[in-house]
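Enquirer: predicted model, plus sequence, below.
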Amino acid sequence: MSDTAKSLSLERKIKMQEAREGIINRLALTLPTTINLDRFLNVIVSELGRMMNVDRCDVIQLTSPSELRISHEWRATDDVPSSLGTAIPLDLGQLSEHVDITKPIRLDDTSAPGLDQKVRFLAKSLGTRSLLVVPVILGADVLGLVGLHMTRTLRAWLDDEVSFLESIARQIAVGYEYTRLYSDKEREAETKRALLEIANALNARSDFREVSSLVLERAIALVGADYSALGVLDPKGGRISLVAFRAAPHASTDGVQGLIDEHGQSLDVTEFPAAMEVLAAGKTLRLLDKNLPFPFRLMFNSILGGRAALVAPVRVAGQTFGFLGLVWSEARQGFQDHEVALVEGIADQCGTALERDQLSAEVMHLRSALHERYGEDRIIGQTGAIRRAIELALSVADTQTTVLIQGESGTGKELLANLIHYNSGREDQPYVKLNCGAIPETLLESELFGHEKGAFTDARARRLGRFEEANGGTLFLDEVGEMSLSAQVRLLRVLQDGEFTRVGGNELLKADVRVIAASNVDLEQAIEAGTFRRDLYYRLSVFPIGLPPLRERPQDIHPLVIHFLEHYKQKTGRFISGISKDALQALITHDWPGNVRELENAIERAVIIASGRQIELEDLPETISRIALQEQDRIKVERARAASEGRTTTFEVTVPSSMDEIERQAIEATLDYTRGDKTHAARALGIGRKTLYRKLEQYNGRSNPE
């Protein structure tokens, strides 16, 4: 078997990782609001079956110790035999004597000799030729199985596919846990709302550390604990790092704070037998001081200020990844089951959020590698308009719908088209781009549809057009508004019928092409001017997406600047320590008629000029820096005039600014006031001359942060 057959392609891995992340997000966002496990499992089997390209995907639930039942099923086609509702009389205890049901069962050929008869019976009863089954495990209990079936052909299951299916089974187990927590009739409405708040906070698109403190606050309020801590194990498992620590307003935590101060954010977990017990057993520890040996009780009472505690493991990919601990300073007789279940549910949610963050990082890493291959850049922006455009692009990506992207030149229309293609399901097929404005009118039709030999003077041989080249994939028509009317007529026919002829030919050709068009001119105005066909406009704008100009999203300029700085630092090999606030402010206030492309060119130029230092206002193109420099000169002249007239003047402070930055602005403003006289300036500032010189040297050698 070739290396390609043994391992999954990069694109395939990305699809599987994104599918897994999508299932995790669906679980985290949908289940807490609908508590509908049945609907979730139906979605799982359908998405999983299509993703894995199998004949049948199902969930097999353990309805009793002696019976398995197919509860949810997806089939690739109607002619694949259905097994939904099938009851399989198998004693799970006896089966486990022959097969380890807590591990994946991978059968490339269910008719192979030497196969256990009970497993062969299971496969035969399901009409399966190749079978991959993984268990759904909650705690130590096997709840059921997730199965992938090939009923018509044999298939060799890859290790990556097994790992992927195991991760999905873990999410299904979390789904069962959610359902158990939220369907508990003893749970009060306030508890449910708080759990929803915790789930929403954890699954918000933000850094895990940013929301963990909020989670601990809610956990403390729910169970009435005095303080809570969340710790994560290091890769070697010897130390635990404190992610978050929160205490109730009334709680006294001097001893705990002293422990944190002594050991820092990292603690040797091997010094705490109780923590090691949680690690080893992987179960929640119910800790009551009356049950502890005297030395440990003394330490627990005096140092940790506790009389009782619950310590739940936080699991990622089935392994204990950390601890969620809640401590009470008053004595307790014990813990009710619903309290333990609540803490375990929060710990599981923390584990899901941590796994999601790890998956997101992995997906971004894989996607970054793929984009490097295709030479694509990321779409940078957080304003509502740009995020809406991205959401629309992703929502239409996996359809066959024609898309029209409109926006000024340089707004990123091609990047959005790339985003659509690489998420369309056609990403492995041709992706052909044509700038209609760069092709002479007489040649545009030949470029689009090809030509036959002798069709015109220079047509010495048959040539395939872009539609034929893009067959099965995507054709991106940039600046479609520049097309001639005759070319528009032929394009309309292709979009309507999928048929065309080459220039100078009579053969009717067909092409399966998904068209994405873009225009930097207002096509509705072009229709009124008679330069663009109305019927073609309606055909192209089935799904219109507008990209805002950069001047309408100034909040995105700073992250764009940082992105381009890093890009051109790496591309040119030149060190740039950052960009000054004055230069950044000039970029933010510029009108940007050339949009993001103009900004990128400005940063590339500035990186070359400012090699070895930070970018200053003077390093920017004159069209950008002129107004800011004129304003600086005006302020200097005004300060000098105020000094000559014996009056005071002011300077503005940008908020937020560090104290060092404010001090620097005050010194520079005072030097302007004294026309550069450092002795006079030092006296006015109330500092010594040496101090002033030292600070000026510090400023000249220091770079502002990006």
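Expert: Nice, I can see it. Residues are numbered from 1 along each chain as shown.
Enquirer: three-state assignment of residue 456?
Expert: coil (DSSP: H, G, I helix; E, B strand; the rest coil).
Enquirer: got a pLDDT number for it?
Expert: Here the pLDDT value assigned to residue 456 is 73.
Enquirer: please look at it and residue 445 and confirm they touch.
Expert: No: Residue 456 is beyond contact range of residue 445, at 10.4 Å (criterion: C-beta atoms under 8 Å). All C-beta atoms are positioned from the backbone trio N, CA, C, and that covers glycine.
Enquirer: between those two, which one's more packed in?
Expert: Of the pair residue 456 and residue 445, residue 445 is the one with more neighbours under other C-beta atoms under 10 Å, namely 23 against 12.
Enquirer: who's in contact with the more buried one?
Expert: When contacts are counted by C-beta atoms under 8 Å, 6 or more residues apart in numbering, residue 445 touches 484, 486, 487, 490, 503.
Enquirer: now do 6 Å
Expert: 487, 503 (C-beta atoms under 6 Å, 6 or more residues apart in numbering).
Enquirer: can you name the helix or strand that it falls in?
Expert: According to DSSP states H and E, residue 445 maps onto helix 441-449.
Enquirer: contacts for the helix or strand that that helix is followed by, please.
Expert: Tracing the chain past helix 441-449, the next element assigned as helix or strand by DSSP H and E is strand 450-451. Among residues not part of strand 450-451, those counted as contacts by C-beta under 6 Å, 6+ apart are 459, 463, 464, 465, 468, 502, 503, 504.
Enquirer: how far is stretch 568-578 from where the chain is centred?
Expert: In terms of C-alpha atoms, centre = their mean, to the nearest Å, the centre of stretch 568-578 is found 26 Å from the chain centre.
Enquirer: give me the beta-bridge partners of residue 131?
Expert: residue 107, residue 149 (DSSP bridges).
Enquirer: secondary structure class for residue 212?
Expert: Residue 212 - assigned by three-state DSSP - is helix.
Enquirer: that older thread, take the contacts of strand 450-451 and keep only those in helices.
Expert: Taking DSSP state H, the ones among those that sit in helices are residue 468.
Enquirer: give the buried subset of the contacts of strand 450-451 as a PyMOL selection command.
Expert: Command for PyMOL that selects the buried part of the contacts of strand 450-451, burial taken from 16 or more other C-beta atoms under 10 Å:
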select buried, resi 459+463+465+468+502+503
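Enquirer: the stretch 451-600 of the chain: helices as residue ranges?
Expert: Using DSSP state H, counting those that start in this stretch, the helices found in the stretch 451-600 of the chain span residues 466-469, 485-497, 523-528, 534-540, 557-572, 581-589, 595-609.
Enquirer: now residue 505. Nearest residue, chain neighbours left out?
Expert: In this structure, residue 505 finds its nearest non-sequential neighbour in residue 452, 4.1 Å apart by C-beta to C-beta, 6 or more residues apart in numbering.
Enquirer: equivalent analysis for residue 532, please.
Expert: residue 526 (3.8 Å).
Enquirer: that neighbour and residue 533 touch, don't they?
Expert: No: assessed by C-beta atoms under 6 Å, residue 526 is found out of contact with residue 533, at 9.4 Å.
Enquirer: re earlier: give the contact list for the residue nearest to residue 505.
Expert: 462, 502, 504, 505.
Enquirer: try residue 426
Expert: Contacts for residue 426 were tallied using C-beta under 6 Å, 6+ apart; they are 473, 474.
Enquirer: now it, what's its secondary structure?
Expert: coil.
Enquirer: and it, what pLDDT?
Expert: For residue 426, the pLDDT comes out at 87.
Enquirer: and it, how far from residue 50?
Expert: 15 Å (C-beta to C-beta, to the nearest Å).
Enquirer: give me the distance between residue 107 and residue 82.
Expert: From residue 107 to residue 82 the distance is 20 Å (C-beta to C-beta).
Enquirer: make CSV from the contacts of residue 452 and add pLDDT and distance to residue 421 to it.
Expert: Shown next, in CSV, are those (pLDDT from 0 to 100; distance: C-beta to C-beta, whole Å):
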residue, pLDDT, distance to residue 421
462, 80, 28
502, 85, 25
504, 82, 31
505, 83, 29
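Enquirer: okay, stretch 568-586 in PDB with CA atoms only?
Expert: Written as PDB, here are the backbone C-alpha positions of stretch 568-586 (Å, rounded to 0.1, in the frame of the first residue of the first chain):
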ATOM      1  CA  TYR A 568       6.800  41.700   5.700                       C
ATOM      2  CA  LYS A 569       9.300  41.300   8.600                       C
ATOM      3  CA  GLN A 570       9.400  37.600   7.700                       C
ATOM      4  CA  LYS A 571       9.400  38.200   4.000                       C
ATOM      5  CA  THR A 572      12.100  40.800   3.900                       C
ATOM      6  CA  GLY A 573      14.100  39.400   6.900                       C
ATOM      7  CA  ARG A 574      14.300  42.900   8.400                       C
ATOM      8  CA  PHE A 575      13.800  43.500  12.100                       C
ATOM      9  CA  ILE A 576      11.100  46.000  13.100                       C
ATOM     10  CA  SER A 577      10.500  46.600  16.800                       C
ATOM     11  CA  GLY A 578       7.000  48.100  16.400                       C
ATOM     12  CA  ILE A 579       5.200  51.200  15.300                       C
ATOM     13  CA  SER A 580       4.900  54.500  17.100                       C
ATOM     14  CA  LYS A 581       1.500  55.700  18.300                       C
ATOM     15  CA  ASP A 582       1.700  58.800  16.000                       C
ATOM     16  CA  ALA A 583       2.300  56.600  13.000                       C
ATOM     17  CA  LEU A 584      -0.500  54.200  14.000                       C
ATOM     18  CA  GLN A 585      -2.900  57.100  14.600                       C
ATOM     19  CA  ALA A 586      -2.100  58.500  11.200                       C
END
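Enquirer: could you count how many residues lie near residue 688?
Expert: There are 11 residues near residue 688, going by other C-beta under 10 Å.
Enquirer: for it, grab phi and psi.
Expert: phi -80, psi 160 (degrees, to the nearest 10).
Enquirer: what pLDDT does it get?
Expert: For residue 688, pLDDT reads 83.
Enquirer: then the one 5 residues further on?
Expert: Per-residue pLDDT puts residue 693 at 79.
Enquirer: what is the neighbour count of the closest residue in space to it that isn't next to it in sequence?
Expert: Nearest non-adjacent residue to residue 693, counting by C-beta to C-beta, 6+ apart: residue 678, 7.1 Å away. By other C-beta under 10 Å, the residues close to residue 678 number 15.
Enquirer: do you know how far residue 678 is from residue 611?
Expert: 30 Å.
Enquirer: residues near residue 37, how many?
Expert: Neighbours of residue 37 under the rule other C-beta under 10 Å: 19.
Enquirer: actually residue 679, not the one I typed
Expert: Counted with other C-beta under 10 Å, the neighbours of residue 679 add up to 10.
Enquirer: and it, how far is that from residue 688?
Expert: Distance of residue 679 to residue 688, computed by C-beta to C-beta: 10 Å.
Enquirer: in the helix holding residue 445, which residues are buried?
Expert: 444, 445, 446, 447, 448, 449.
Enquirer: just stretch 660-678 next, same as before
Expert: 661, 664, 665, 667, 668, 669, 670, 671, 672, 673, 674.
Enquirer: returning to that earlier point: how about the contacts of residue 452 in JSON lines, adding distance to residue 567?
Expert: As requested, these are exported to JSON lines (distance: C-beta to C-beta, whole Å):
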{"residue": "462", "distance to residue 567": "42"}
{"residue": "502", "distance to residue 567": "41"}
{"residue": "504", "distance to residue 567": "45"}
{"residue": "505", "distance to residue 567": "45"}
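Enquirer: where does the stretch 501-650 of the chain dip in pLDDT?
Expert: Within the stretch 501-650 of the chain, the stretches with pLDDT under 70 are 628-646, 648-650.
Enquirer: can you check the stretch 301-450 of the chain too?
Expert: If you take pLDDT under 70 as the line, the stretch 301-450 of the chain has these spans: 317-318, 353-378.
Enquirer: which residues in the stretch 251-400 of the chain form strands?
Expert: Using DSSP state E, counting those that start in this stretch, the strands of the stretch 251-400 of the chain run over residues 266-268, 285-288, 308-316, 319-328.
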